[in-house]
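**Q** sequence isn't available, so here's the structure alone:
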């Protein structure tokens, strides 16, 4: 009597797997561990921020993956919170689910955290996988305090709130020696650097980490007084910004 071979799907625990993705078009094998790819092969149900981007990512991980056999559910900033619990239906049926962000680590500065919260509340296993995080990689390369740091996301767009946020970050740097990490819409990167150089103490150091893990990666740390005189062009390039004294 013969038996069917055990598939990767059969071997995976019914859990929510948090799958980091590439942050550029760099080959997946340069930043994604082989163990992650083995797990990806065994998952049929995915919750993703962008279906097209995820399909391309999965194909870069393994060209033999049958994309058309997979199920994709979108979870992005426009998703109604009441729709999120139903996304765990495969898990309730004993099947693993993979969650993939638009870039980098899911659930970090990413709507995937809402799905993780539901999974935790229902007692399901959550498995974070190793992979690239632009926030952590930028901090590692900045030369700033890695013992105390805060990621504050996007700066407010409205001028008064923006100034208040910058002053608060300056206070935390001075009083708590806390590294401040934040992001901006890529097409406003150049404007942000000029704004920081003009509105904050010239001695504060700014690190600009752009295209991390990509072919044009650049991570530069300088005092704001030097940024004020420096020629640069980071527009439309995904970047992380860090401030410290």
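**A** Looks like it came in fine. The shown structure was predicted, so the numbers you read here are calculated from the model rather than taken from an experiment.
**Q** can I take it that residue 209 is in a strand?
**A** Yes. Judged by DSSP: H, G, I helix; E, B strand; the rest coil, residue 209 forms part of a strand.
**Q** list the buried residues for the longest helix seen in the chain?
**A** Ranked by number of residues, the top helix in the chain under DSSP state H is helix 159-176. The neighbour-count check on helix 159-176 (16 or more other C-beta atoms under 10 Å) flags 165-166, 169-170, 172-173 as buried. For every residue, glycine as well, the C-beta is placed using N, CA and C.
**Q** can you check stretch 11-19 too?
**A** Of the residues in stretch 11-19, those buried under the neighbour-count criterion (16+ other C-beta under 10 Å) are 12, 15-19.
**Q** adding pLDDT and secondary structure, write the residues you listed out as TSV.
**A** As requested, the buried residues of stretch 11-19 are arranged in TSV below (pLDDT from 0 to 100; DSSP: H, G, I helix; E, B strand; the rest coil):
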residue	pLDDT	secondary structure
12	92	coil
15	98	coil
16	98	strand
17	98	strand
18	98	strand
19	97	strand
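**Q** mind telling me the two of the residues you listed farthest from one another?
**A** In terms of C-beta to C-beta, the buried residues of stretch 11-19 reach their longest pairwise distance at 12 and 18, which sit 13.7 Å apart.
**Q** so what sits against both of the two?
**A** Residues within reach of residue 12 and of residue 18 at once, by C-beta atoms under 8 Å, 6 or more residues apart in numbering: there are none.
**Q** phi, psi for the closest residue to residue 90 other than its chain neighbours please.
**A** If you skip the residues right next to it in sequence, residue 90 has residue 45 as its closest partner in space, 4.0 Å away by C-beta to C-beta, 6 or more residues apart in numbering. The phi and psi torsions at residue 45 (degrees, to the nearest 10) take the values phi -120, psi 120.
**Q** so residue 45 touches residue 88, yeah?
**A** No. Checked against C-beta atoms under 8 Å, the pair residue 45 and residue 88 is beyond contact range at 9.7 Å.
**Q** overlap in contacts, the two.
**A** Between them, residue 45 and residue 88 share the contacting residues residue 97, judged by C-beta under 8 Å, 6+ apart.
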